[in-house]
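Q: what follows is a predicted structure for the sequence shown.
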Amino acid sequence: MWKNIQPAPPDSILGLTEQFKKDENPRKVNLGVGVYKDNSGNTPILEVVKKAEQTLLTSQATKSYLPISGDPAYGRAVQKLVLGEDSDACRSSRAVTVHAPGGTGALKVGADLLKKFKPQSRVWVSSPTWANHNGIFGNAGFEIDSYGYYNPRSKDLDFDRMMKDLNAISAGDIVILHTCCHNPSGVDLDRDQWNEVVRSADSHGWIPFLDFAYQGFGDGVEEDRYAVERFVASGMDVLVASSFSKNFGLYNERAGALTVICPGAEEAAVAMSHLKTVIRTNYSNPPAHGGLTATIILDDPELYRQWLAELAAMRDRIREMRSGLVKGLANCGVEGDFSFIERQRGMFSFSGLSDEVVQWLRAEKAVYMVGGGRINLAGLTTDNMDYVCRSIAEALQAVG
Ligand code: LMR
């Protein structure tokens with residue numbers, strides 16, 4: 001069967017990690033995949049997660065299946081965090097949440113759900129966007145188009161272009177929006193700009209599908225959910241894919257969620273019934289450990305505070321690496337203004353480095369970045385900063 005079939009290309013992000021692992025250069029640095037690392041270059045298990053896992057181990061009485069939609073307590077905890085405790089959507093039952101395997105799983109469940117009822121709709125993604133958006137929605141059978149977002153010249157948001165494109169989108173089409181910490185650019189909207197985007201959805205009737213994978217990595221868990229709150233308050237149909245991979249460091253536990261917010265509780269119950277059929281035919285029901293661990297933390301005021309503190313420490317370290325990189329590049333004599341790196345939010349920066357430079361850095365210096373020049377700032381440490389900055393300076397001399 002496979003004889004005449006060509007191999008598929010490696011994944012542009014996770015494939016890079018496979019390549020990185022095989023690289024024997026002792027100085028190698030992985031600035032590719034969006035995984036947090038501490039200043040020693042390790043991806044730690046949060047202290048608060050360790051505590052909650054202990055509680056779970058001693059209290060868990062069964063490994064029987066979870067419900068198709070996941071543990072209801074997980075759904076409630078997700079809603080409180082993602083929509084806000086005071087959201088009327090939580091209280092009025094017009095929001096339903098299912099536990100999906102990671103943010104990717106949540107997007108996939110949402111894509112399959114939408115394909116059932118909006119088969120003719122187009123899906124719009126930002127230009128650029130996380131490569132897997134195209135894969136997930138394309139595989140679900142959607143035609144994909146893009147709306148303007150990032151201006152490579154100004155290294156900033158092209159808001160005029162974005163609004164022009166959003167205002168031309170047809171009713172019923174689906175628009176994927178990164179609510180904070182835009183992946184790959186790190187360039188976010190301010191509050192006024194979000195208000196305008198919400199108005200556009202409201203008046204043109206397109207369906208917002210919010211990708212909320214980095215809550216807490218921008219300015220804080222409450223600050224980062226501004227766009228979600230505004231969309232939800234407007235009363236329109238909204239989908240939110242969220243994840244505990246990054247903010248709880250639960251990467252391999254696949255603890256994500258899809259929240260579907262409807263105008264009323266009756267519609268939400270209908271949505272839930274169809275979510276269950278989508279999940280049942282995809283993976284039947286979700287894995288338990290990560291979701292139950294996160295629920296313990298989110299439901300316990302003391303553990304919650306500890307989690308916020310550990311999350312703030314991750315956020316602050318990434319900010320320090322942003323400043324370190326800007327200074328380091330200047331010290332190495334790299335010309336140009338790189339201050340935009342400090343204005344960007346979250347784990348990523350669109351560095352402005354060309355694909356030739358990215359290739360050269362990988363081949364010559366074992367410094368791995370995603371094509372297009374996306375850097376994961378969390379891969380930088382005080383130990384490897386100088387090496388990375390000098391390597392970039394050399395790369396720019398060689399092929400820049
Ligand atoms: C990333 O963009 O690097 C992360 O979201 C990990 C992934 O699944 O691609």
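A: Happy to help now that I have it.

Q: and the residue of this structure closest to the ligand?
A: residue 34 (3.1 Å; Cβ to the nearest ligand atom). For every residue, glycine as well, the C-beta is placed using N, CA and C.

Q: any residues of the stretch 51-200 of the chain in contact with the ligand? List them.
A: Listed as neighbours of the ligand in the stretch 51-200 of the chain under the rule Cβ under 6 Å from any ligand atom: 104, 130, 132, 183.

Q: try it again at 8 Å.
A: Selection of the stretch 51-200 of the chain residues close to the ligand by Cβ under 8 Å from any ligand atom yields 102, 103, 104, 130, 131, 132, 183, 184.

Q: got it, and the stretch 201-350 of the chain?
A: Taking Cβ under 8 Å from any ligand atom as the contact definition, the stretch 201-350 of the chain meets the ligand at 213, 245, 246, 347, 348.

Q: on that earlier part again, among the residues of the stretch 51-200 of the chain next to the ligand, which pair sits farthest apart?
A: 102 and 184 (18.0 Å; Cβ to Cβ).

Q: now the strand or helix carrying residue 21, how far from the centre of its chain.
A: Assigned by DSSP states H and E, residue 21 falls within helix 14-22. Remark: helix 14-22 is offset 20 Å from the chain centroid, using Cα atoms, centre = their mean, to the nearest Å.

Q: now stretch 2-11
A: 28 Å.

Q: count of residues packed around residue 396?
A: As a burial measure, residue 396 scores 20 neighbours (other Cβ atoms under 10 Å).

Q: next: residue 242.
A: 30.

Q: what does residue 289 give?
A: By other Cβ under 10 Å, neighbour count at residue 289 equals 17.

Q: just checking, it touches residue 253?
A: Yes - taking contacts as Cβ atoms under 8 Å, residue 289 lies within contact range of residue 253: 5.6 Å.

Q: in helices, which of the residues of the stretch 51-200 of the chain next to the ligand fall?
A: In this view, those that belong to helices under DSSP state H are 102, 103, 104, 131, 132.

Q: let's have the residues you listed in a markdown table, adding neighbour count.
A: Output for those, formatted as a markdown table (neighbours: other Cβ atoms under 10 Å):
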| residue | neighbour count |
| --- | --- |
| 102 | 25 |
| 103 | 25 |
| 104 | 21 |
| 131 | 18 |
| 132 | 18 |
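
Q: and residue 358, what does it touch?
A: 369, 370, 371, 372, 373 (Cβ atoms under 8 Å, 6 or more residues apart in numbering).

Q: can you check residue 107 too?
A: 132, 133, 136, 137, 209, 211, 241, 258.

Q: alright, that wraps it up for me.
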